[in-house]
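A.B. asks: can you look at this prediction? I've put the sequence above it.
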Amino acid sequence: MKAIWNNQVIAESDDTIVIENNHYFPADSINKEFFKDSDTHTVCPWKGTASYYSLNVDGSENKDAAWYYPEASDLAKKFENYVAFWKGVEVVK
């Protein structure tokens, strides 16, 4: 699977996990040069507290376009630190 934004592959992996129709990519499969930590956090009742990344590709920013669970709940441990995308990020085979 590939995650693409602004014509740039920002993550690529054969080992994604699909949860609630989102592909979660292993942390080591993202191209960290395009990711910037965000101060945004949200809470999911069964996964725990999510942290976010903003994307920066060729001078364009996509705020909070990726999220992950750094300390996932027991129910979500299998994809702790895996990264998922939204806000126009295309995930394709």
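C.D. replies: Nice, I can see it.

A.B. asks: make it CA atoms for all contacts and neighbour counts henceforth
C.D. replies: OK.

A.B. asks: wait, Ala3 sits on Asp14?
C.D. replies: No. Between Ala3 and Asp14 there is no contact under CA atoms under 8 Å: 11.7 Å.

A.B. asks: residue boundaries of the strands in the chain?
C.D. replies: Using DSSP state E, the strands of the chain run over 2-5, 8-12, 17-19, 22-24, 35-44, 48-57, 60-68, 83-85, 90-92.

A.B. asks: how far does the first one sit from the chain's center?
C.D. replies: The reference is to strand 2-5. Relative to the mean C-alpha coordinate of its chain, strand 2-5 is positioned 10 Å out (CA atoms, centre = their mean, to the nearest Å).

A.B. asks: other SSEs contacting it?
C.D. replies: strand 8-12, strand 90-92 (3 or more CA pairs under 8 Å, 6 or more residues apart in numbering; DSSP states H and E).

A.B. asks: please apply the same query to the third one.
C.D. replies: When contacts are defined as 3+ CA pairs under 8 Å, 6+ apart, strand 17-19 sits against strand 22-24.

A.B. asks: the more surrounded of Ala3 and Asp14?
C.D. replies: Ala3 (22 against 11; other CA atoms under 10 Å).

A.B. asks: with that, I have no additional questions.
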